[in-house]
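>>> Predicted model and sequence below, questions to follow.
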Amino acid sequence: MSQRKRGTRKRKNEDASAGVKEGEDTEERGHTKNIRATKKYIGAHVGIQGGIWKAVESCTEMGGSSFALFLGSQRSWKRPALDHTAAAKFQELCSQQGFDPAHILPHGSYLMNCGSPKEDVFEKSQAMLVDELSRCNLLGLSLYNFHPGSSLGTITTEQCVDKIASAINYAHQQTPSVVTVLENMSGQGSTVGGKFCELKSIIDRVRDQTRVGVCLDTCHAFAAGYDLAAEGGVKAMLDEFDQEVGLHYLKAIHLNDSKGKLGCNLDRHEDIGKGHIGISAFQEIVNEPRLDNVPLILETPGRPGFEYAEQIDLLHSLCEKNFALSSVQIQPDMAHGCVSLSLITLEVSSC
Ligand SMILES: [Zn+2]
Ligand SMILES: [Zn+2]
């Protein structure tokens with residue numbers, strides 16, 4: 001997609017979300033006026049090479065309205081502190097581009113295992129969780145997503161869940177306000193969080209439940225056995241999540257197709273519509289009213305010619321207009337002895 005086209009679409013989204021509210025009076029006499037209100041925030045995981053603010057630029061360029069980012073190097077336990085000037089620039093760009101912190105979801109370091117049976121790894125992971133939440137505060141962000149942890153097969157799932165919850169409780173004591181968002185897992189190896197009931201067990205042990213949430217990854221859910229490829233599969237998964245955990249805990253969705261089959265337990269992401277989940281599940285997602293205002297974030301490989309910008313476009317194209325109202329108003333024009341006609345059209349799309 002050309003640079004110009006991306007910029008044009010971003011401006012359209014901004015106009016729709018900033019200037020128009022559903023049901024707002026759209027009357028403009030003598031003109032046809034179409035209004036499209038957006039409620040779906042589709043974006044992608046973007047890089048921070050060259051400075052953390054680069055994430056905001058990349059997302060804007062690809063036409064995204066939500067994004068994920070890492071908060072530092074994925075290779076090292078000890079990282080240089082976040083530069084205050086860079087953090088200020090990040091915040092300034094977010095505000096310039098109209099990104100709401102509720103639609104930005106930093107992703108935790110892959111080194112962490114807050115459920116580790118190895119005491120040294122647990123201590124380092126807990127310290128890193130505190131450090132990452134502090135980074136979120138410095139960036140003006142309100143959400144932080146991470147993988148719950150793994151028992152490594154040497155402790156029970158319940159003992160692992162206890163450790164994860166105690167790390168979260170400790171990190172909450174050390175930092176203000178940021179919500180820790182647990183990601184559902186594919187069930188690979190001895191990871192915890194493949195089943196919704198395991199996520200609920202962690203949440204139940206968190207003291208401040210206003211500071212805990214869940215991000216549902218579609219590839220992980222499918223690999224763990226939630227059949228999103230079936231007709232109504234997304235609705236069924238959300239119903240089950242609501243029953244077992246509670247929809248009010250749902251803070252984000254990771255949009256990934258799956259290279260592996262249903263229940264394979266493999267964490268292998270595929271581009272949208274190119275894997276075993278298939279396009280219809282993503283059509284359901286972008287038209288699901290329970291996912292209004294929830295960030296929908298791509299973490300797909302992005303093959304050449306079908307990168308994030310193209311996948312965002314595809315997802316927007318799957319949105320159905322779910323409400324349209326047209327009316328003609330007739331106004332007498334006394335000065336000219338005739339009537340003027342106004343056509344008012346209101347279209348509200350779910351994305
Ligand atoms: Zn993840
Ligand atoms: Zn994910």
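Perfect, I can see it now. Ligands and ions are numbered 1, 2, ... in the order given.
>>> contacts, neighbours, all on C-alpha from now
OK.
>>> The protein: helices as residue ranges?
Along the chain, the stretches classed as helices by DSSP state H are 3-19, 54-61, 84-97, 119-138, 157-174, 196-205, 218-223, 233-244, 279-286, 308-317.
>>> Deepest-packed of the ones you listed, please.
Counting by mean count of other CA atoms under 10 Å, helix 218-223 has the highest mean neighbour count of the helices of the chain, with a mean of 30.
>>> for that one, what is the average pLDDT?
If you average the pLDDT over helix 218-223, you get 98.
>>> Surely A88 touches R135?
No - using CA atoms under 8 Å, A88 is not in contact with R135; the gap is 11.9 Å.
>>> export the helices of the chain to a markdown table and tack on distance to A252?
Converted to a markdown table, the helices of the chain look like this (distance: least, CA to CA, whole Å):
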| stretch | distance to A252 |
| --- | --- |
| helix 3-19 | 19 |
| helix 54-61 | 17 |
| helix 84-97 | 18 |
| helix 119-138 | 16 |
| helix 157-174 | 19 |
| helix 196-205 | 14 |
| helix 218-223 | 11 |
| helix 233-244 | 12 |
| helix 279-286 | 12 |
| helix 308-317 | 16 |
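>>> Compare the ones you listed and report which one is nearest to Q331.
Counting by CA to CA, Q331 lies closest to helix 3-19 out of the helices of the chain; the figure is 26.3 Å.
>>> Local confidence estimate at the nearest residue to G51 once chain neighbours are set aside?
Nearest residue to G51, sequence neighbours excluded (CA to CA, 6 or more residues apart in numbering): A86, at 6.8 Å. For A86, the model assigns a pLDDT of 97.
>>> and what of the one 3 residues further on?
With respect to pLDDT, K89 scores 98.
>>> how far away is it from V56?
Computed as CA to CA, to the nearest Å, the K89 to V56 distance reads 10 Å.
>>> follow-up on the earlier one: right, and the helices of the chain - which one's nearest R268?
Here helix 218-223 is closest among the helices of the chain (CA to CA), at 7.3 Å.
>>> Return the distance of that closest one from the chain's centre.
Relative to its parent chain, helix 218-223 has a centroid offset of 15 Å by CA atoms, centre = their mean, to the nearest Å.
>>> just stretch 121-141 next, same as before
With CA atoms, centre = their mean, you get 20 Å for stretch 121-141.
>>> Tell me which residues are up against stretch 237-246.
F196, C197, L199, K200, Y226, D227, L228, L247 (CA atoms under 8 Å, 6 or more residues apart in numbering).
>>> hmm, 10 Å instead?
Residues from elsewhere that reach stretch 237-246 (CA atoms under 10 Å, 6 or more residues apart in numbering): 195-201, 203-204, 213-214, 216, 218, 221-222, 226-228, 233-236, 247-250, 288, 290-291.
>>> With just CA atoms, put it into CSV.
Extracted C-alpha coordinates of stretch 237-246, given in CSV (Å, rounded to 0.1, in the frame of the first residue of the first chain):
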residue,chain,number,x,y,z
MET,A,237,-15.4,-18.9,22.8
LEU,A,238,-16.5,-15.5,24.2
ASP,A,239,-19.5,-17.1,25.9
GLU,A,240,-17.3,-19.7,27.5
PHE,A,241,-14.8,-17.0,28.6
ASP,A,242,-17.6,-15.0,30.0
GLN,A,243,-18.9,-17.9,32.0
GLU,A,244,-15.5,-19.1,33.3
VAL,A,245,-13.6,-15.8,33.7
GLY,A,246,-15.9,-12.8,33.1
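>>> Pretty sure D292 sits against Y41.
Yes - counting by CA atoms under 10 Å, D292 does reach Y41; the two are 7.9 Å apart.
>>> Could you check which of those two is surrounded by more residues?
Remark: of D292 and Y41, Y41 carries more neighbours, 25 against 17, as counted by other CA atoms under 10 Å.
>>> Quick check, that one in contact with G64.
Yes - using CA under 10 Å, Y41 makes contact with G64 at a distance of 7.5 Å.
>>> my guess is A127 meets L111, correct?
No - at 11.9 Å, A127 and L111 do not qualify as touching, with contact defined as CA under 10 Å.
>>> Report the set of residues contacting both of the two.
Taking CA under 10 Å, 6+ apart as the contact rule, A127 and L111 both touch W77, V121.
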